[in-house]
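# Structure of the sequence below:
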Amino acid sequence: MSAVFKYIREFYNKEFNPWYFLLILLLLGTLIYLNYWHLLERRYAAAGKTRWSNFLGYYLLYFIPFATAFLLQLFFYKDCTYYYKLWFWVILLLAPAFFSFRVNFNFHEDIVNKIWTGDELQFWLRCINWIVRVFVLLIPVFIIWFIKDKGNQPFYGTRALDNIRPYLIMLLIMIPLLALASTQRDFLSMYPKAKFLTQLQVGHQKWRYIVYELCYGFDFISIEFFFRGFLILSLMKICGTHCIIPVACFYCAIHLGKPMGEAISSFWGGLLLGIVSYNTGSVWGGLIVHLGIAWFMEIGGWLGALFKK
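Residues are numbered from 1 along each chain as shown. Just a heads-up that it's a prediction; the model follows:
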């Protein structure tokens, strides 16, 4: 853990500006207020009549906090020369598009509908959605790496870790917080994800829970490689540590469909994992933490529902 604390301290000394940070919190606070009190995502981003209007809605939902966090840096940091670099603009404009396309991608559903029907269809559609969207997100990321960074670094985040112990400790620290969250109504309304199977006639088959949770976990691979791999490790060569807070803002925006506590904590989690990835060049530690948290949330959801009865 000493290495992680060292990374945080170095980031604080180099990057922390109280006025900039206050404006970032105000930005995210406004975003969270508009979403949970005025249904920002549901009424505007996801309310389009066509797939492409939904794409635009989600694009703006992600782009605005991401770009605003970079824009605000112009007022507080004197070394923001990255605005003159072409790849900065390419990534700034394309990254929200990649993620919005992932959220709205459903071109494979016609094929799935021809193979299964009824409860089988519902089960396999959810599992396949998670798997397909990993590739939908990572294929364009791979293309950018191949063009921009192939000669400079291995594929974003794939560098091996020296020690996984700090990440296991971070995961253990999270368990009491997850236990507390599992007592909250909004948490239990969303977790466990696998409670969906109890609504199906085939839900009594235990192997389906294993497949469902593995597919659910597989989705987090694309999340880590996109945010802590692609965004942090491609932008670090352009912006240095200035990329970490904007990426955490973007990461917070993709959690607006989750319980409010999860959306708020996602910024801090994204900030921490971004700092670690920036210093290690690896997403494996973040993936351990993220997957562990996701599956502990599933367990917490089952236990919370059990004790609630």
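
# CA-only coordinates of stretch 140-158, as PDB, when you get a sec.
Output in PDB follows, covering the C-alpha atoms of stretch 140-158 (Å, rounded to 0.1, in the frame of the first residue of the first chain):
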ATOM      1  CA  PRO A 140     -11.900   1.200 -31.900                       C
ATOM      2  CA  VAL A 141      -9.600   1.600 -28.900                       C
ATOM      3  CA  PHE A 142      -7.200  -1.000 -30.400                       C
ATOM      4  CA  ILE A 143      -7.300   0.900 -33.700                       C
ATOM      5  CA  ILE A 144      -6.200   4.100 -32.000                       C
ATOM      6  CA  TRP A 145      -3.500   2.300 -30.100                       C
ATOM      7  CA  PHE A 146      -2.200   0.700 -33.400                       C
ATOM      8  CA  ILE A 147      -2.100   4.000 -35.100                       C
ATOM      9  CA  LYS A 148      -0.900   6.300 -32.200                       C
ATOM     10  CA  ASP A 149       0.900   4.300 -29.600                       C
ATOM     11  CA  LYS A 150       2.000   0.800 -30.900                       C
ATOM     12  CA  GLY A 151       5.600   1.900 -31.000                       C
ATOM     13  CA  ASN A 152       5.500   3.600 -27.600                       C
ATOM     14  CA  GLN A 153       3.800   1.200 -25.300                       C
ATOM     15  CA  PRO A 154       2.100  -2.200 -25.100                       C
ATOM     16  CA  PHE A 155      -1.700  -2.200 -25.600                       C
ATOM     17  CA  TYR A 156      -3.200   0.200 -23.100                       C
ATOM     18  CA  GLY A 157      -2.900  -1.200 -19.600                       C
ATOM     19  CA  THR A 158      -1.600  -4.700 -20.400                       C
END
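
# going forward can the numbers begin at 675, since that is how I track them
Shifting the count to begin at 675 puts that one at stretch 814-832.

# ok, residues contacting it?
Surrounding stretch 814-832, the residues in contact under the criterion C-beta atoms under 8 Å, 6 or more residues apart in numbering are 761, 764-765, 768, 772, 833, 898-900, 902-904, 907-908, 911, 951, 955-958. (Glycine included, C-beta is placed from N, CA and C.)

# Let's see that with 7 Å instead.
The contact list for stretch 814-832, computed with C-beta atoms under 7 Å, 6 or more residues apart in numbering, reads 761, 772, 898-900, 902-904, 907-908, 911, 951, 955-957.

# same thing with stretch 685-702?
Against stretch 685-702 from outside (C-beta under 7 Å, 6+ apart): 739, 742-743, 746-747, 750, 915, 918-919, 923, 926, 941, 949.

# now, which of these lie within helices?
739, 742-743, 746-747, 918-919, 923, 926, 941, 949 (DSSP state H).

# Between which two of the contacts of stretch 685-702 is the distance greatest?
The span of the contacts of stretch 685-702, defined through C-beta to C-beta, is set by Thr742 and Ile949 at 20.6 Å.

# Have a look at these two and say which one is more surrounded.
Neighbours per residue, other C-beta atoms under 10 Å: of Thr742 and Ile949, the larger number sits with Ile949, 23 against 16.

# pretty sure Glu715 contacts Gly931?
Yes. Between Glu715 and Gly931 there is a contact under C-beta atoms under 7 Å: 5.8 Å.

# The two: who's more crowded?
For Glu715 versus Gly931, neighbours defined as other C-beta under 10 Å are more numerous around Glu715 (18 against 14).

# Which helix or strand lies directly C-terminal to the least confident helix or strand in the chain by mean pLDDT?
In the chain, no helix or strand scores lower on mean pLDDT, DSSP states H and E than helix 859-864, which sits at a mean of 81. Later in the chain than helix 859-864, the nearest helix or strand by DSSP states H and E is helix 880-898.

# where along the stretch 725-874 of the chain do the helices fall?
In the stretch 725-874 of the chain, the helices defined using DSSP state H, counting those that start in this stretch lie at 725-747, 760-778, 783-789, 792-818, 839-855, 859-864.

# Make a markdown table from those helices and add distance to Gln827 to it.
As requested, the helices of the stretch 725-874 of the chain are exported to a markdown table (distance: least, C-beta to C-beta, whole Å):
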| stretch | distance to Gln827 |
| --- | --- |
| helix 725-747 | 22 |
| helix 760-778 | 14 |
| helix 783-789 | 36 |
| helix 792-818 | 12 |
| helix 839-855 | 21 |
| helix 859-864 | 36 |
